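*Asks:* I would like the atomic coordinates for the input below:
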Amino acid sequence: MVLVLKTALKAFVFVVGLLALITVSFLWYFYLTYIDETTLEGAVYDYAIGQSKPEAYSVATVQFANDEISGLHIWDPFETFDATDRNYPIIKSADLWTVFPDDRDNFRDSVKLHFSEGELVKIHRHRQQFELP
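*Replies:* Numbers count the residues shown, from 1 in each chain. Just a heads-up that it's a prediction; the model follows:
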């Protein structure tokens, strides 16, 4: 009887330890893959601070053609567009562009391009693989 209890206790401790290890591994993965950074000078993700809207859009069209991005979103109208030459007249009026490197309309994985007076002034990268409660 004592041997059965010891074996059951060992199995229980093993299962609890395994579940704790899995939970910690997931949390560590989420922490390591989280990105929330802003660039105010230099270049990142093929975009450069000081780029004009046509230059930035040209980069986006190349990225879209190479399947590096899935779309480009603006807030007015609240819509996501393919980064093609025919959509530039609609997109050029917006000063905030959201580029989706992964799934279209996935705001948990995006690059925001902030323009002022026709030039790129800020690049903000946000990626999180989980929902906060």
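
*Asks:* Tell me the first helix or strand C-terminal of the worst-scoring helix or strand of the chain on mean pLDDT.
*Replies:* For the chain, using mean pLDDT, DSSP states H and E, the weakest element among its helices and strands is helix 2-33, scoring a mean of 89. Of the helices and strands lying after helix 2-33 in sequence (DSSP states H and E), the nearest is strand 35-39.

*Asks:* Please list the residues outside that following strand that contact it.
*Replies:* 49, 122, 123, 124, 125, 126, 127, 128 (C-beta atoms under 8 Å, 6 or more residues apart in numbering). C-beta: built from backbone N, CA, C; applies to glycine.

*Asks:* Dump those into JSON lines; add pLDDT and secondary structure as well.
*Replies:* Putting the contacts of strand 35-39 into JSON lines (pLDDT from 0 to 100; DSSP: H, G, I helix; E, B strand; the rest coil) gives the following:
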{"residue": "49", "pLDDT": "97", "secondary structure": "coil"}
{"residue": "122", "pLDDT": "97", "secondary structure": "strand"}
{"residue": "123", "pLDDT": "97", "secondary structure": "strand"}
{"residue": "124", "pLDDT": "97", "secondary structure": "strand"}
{"residue": "125", "pLDDT": "95", "secondary structure": "strand"}
{"residue": "126", "pLDDT": "92", "secondary structure": "strand"}
{"residue": "127", "pLDDT": "90", "secondary structure": "strand"}
{"residue": "128", "pLDDT": "87", "secondary structure": "coil"}
